[in-house]
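Visitor: Structure here, sequence nowhere to be found:
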Ligand code: UT7
């Protein structure tokens, strides 16, 4: 028993912020951003546009492709670090907007790896013997720019908003046909402090000092994160490939988390993949955290660049640290 993806969808807010726009806000340049990250522009959600609004668009697109109506969805697993409110879950806000009232709904918090975590959780819940779940929406969504310090050039040039979703369904085809072939998830809490929002939770509630120090926003030790990211994603990919008894030569597409083109290229090279096997759209979206892999998957599918039975390897890395990989047969 397993699951297969039967629809994909994504959404990016209308407003685009280019590198040239950022040159007017902080001491940076289009040249620095493009050469160090590969990013040219990113989408920014409107002030009144919540994570659940973006998620609603992405999920409707995915459900339309899958031919699934809201009342046929019985599980919503939403990955985010920038949800509508501290609670209730953004998945519940999404449920209301979609009118998917038969679904059990919850959020996952695994930062940029959240979507891949969601795939494994959905598979476990749907594949369980006598499971009541058949069909799930799994999605990543971020309004991460509300956590961005627009005075910090180290981070504000990196992030963008958006949502990506898939509809997954119990696979009845045994070992053949479209399905999730395997996944592996990892965490290492030793590094909680190299990429975080220092305040705004129970450890450090927001007060005047926090606001003065801008500790309610993302801070990152970029170089340290960079070094760890490449090794971690390569390791996760190799584990998933080994378990499925395939090699990277069998992979049609690698879709890595879109944080930095240099990281993506390094992961591709270490896996012996050529450029034409590695999907990159970080130039247009920046780092959309939990949404990035799902947005890229949707773009790839809708552009007709993937054929039935081809293998797609997803991998991500993010704060926590968290990382993982998932292998799909399309
Ligand atoms: O999604 C979760 C995972 N996140 C990631 O994977 C991000 C990982 N890290 C990275 O992508 C890269 O480390 C960054 C893009 C964040 C930074 O690139 P880097 O090559 O590691 O640069 P750096 O931080 O070492 O900075 C090099 C220089 C510094 O100046 P000095 O000290 O050498 O004079 C920075 O102050 O570049 C400077 N700098 C900038 N200059 C212009 C940093 N940010 C900027 C900027 N514009 N926006």
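Guide: Sure thing, it's come through. What you see is a predicted model, and the numbers here were worked out from it, not measured in a lab. Numbering: from 1, shown residues only.
Visitor: Look up phi and psi at residue 329.
Guide: The phi/psi pair for residue 329 (degrees, to the nearest 10) reads phi -100, psi 120.
Visitor: now it, which residues is it bridged with?
Guide: Counting by DSSP bridges, residue 329 is bridged to residue 179, residue 311.
Visitor: Tell me if I'm right that it and residue 177 touch.
Guide: Yes: between residue 329 and residue 177 there is a contact under C-beta atoms under 8 Å: 7.5 Å. Any C-beta I mention is one placed from the backbone N, CA and C, and that applies to glycine too.
Visitor: Between the two, point out the one with more neighbours.
Guide: Neighbours around residue 329 and residue 177, counted as other C-beta atoms under 10 Å, are more numerous at residue 329. The numbers are 21 against 14.
Visitor: Distance-wise, check the more buried one relative to the ligand.
Guide: With distances taken as C-beta to the nearest ligand atom, to the nearest Å, residue 329 is found 27 Å from the ligand.
Visitor: Pull the contacting residues for that residue.
Guide: Contacts for residue 329 (C-beta atoms under 8 Å, 6 or more residues apart in numbering) come out as 177-179, 181, 309-312.
Visitor: Specify which member of these is nearest to the ligand.
Guide: Comparing the contacts of residue 329 against the ligand with C-beta to the nearest ligand atom places residue 312 closest, at 20.3 Å.
Visitor: Give me the neighbour count for the residue of the stretch 1-150 of the chain at minimum distance from the ligand.
Guide: Nearest residue of the stretch 1-150 of the chain to the ligand: residue 28, at 3.3 Å (C-beta to the nearest ligand atom). Using other C-beta under 10 Å, residue 28 has 17 other residues around it.
Visitor: Residue 111 too?
Guide: Per other C-beta under 10 Å, the neighbour tally for residue 111 reads 25.
Visitor: so how far is residue 46 from it?
Guide: Distance of residue 111 to residue 46, computed by C-beta to C-beta, to the nearest Å: 24 Å.
Visitor: What distance separates the opening and closing residues of stretch 36-52?
Guide: 32 Å (C-alpha to C-alpha, to the nearest Å).
Visitor: I'd say residue 119 and residue 181 touch.
Guide: No: contact status for residue 119 versus residue 181: not in contact, 11.3 Å apart, counting by C-beta under 8 Å.
Visitor: So which of those two has more stuff around it?
Guide: Set residue 119 next to residue 181 and count neighbours by other C-beta under 10 Å: residue 119 wins out with 27 against 19.
Visitor: pretty sure residue 141 is in a helix, no?
Guide: No: if the criterion is DSSP: H, G, I helix; E, B strand; the rest coil, then residue 141 is strand and not within a helix.
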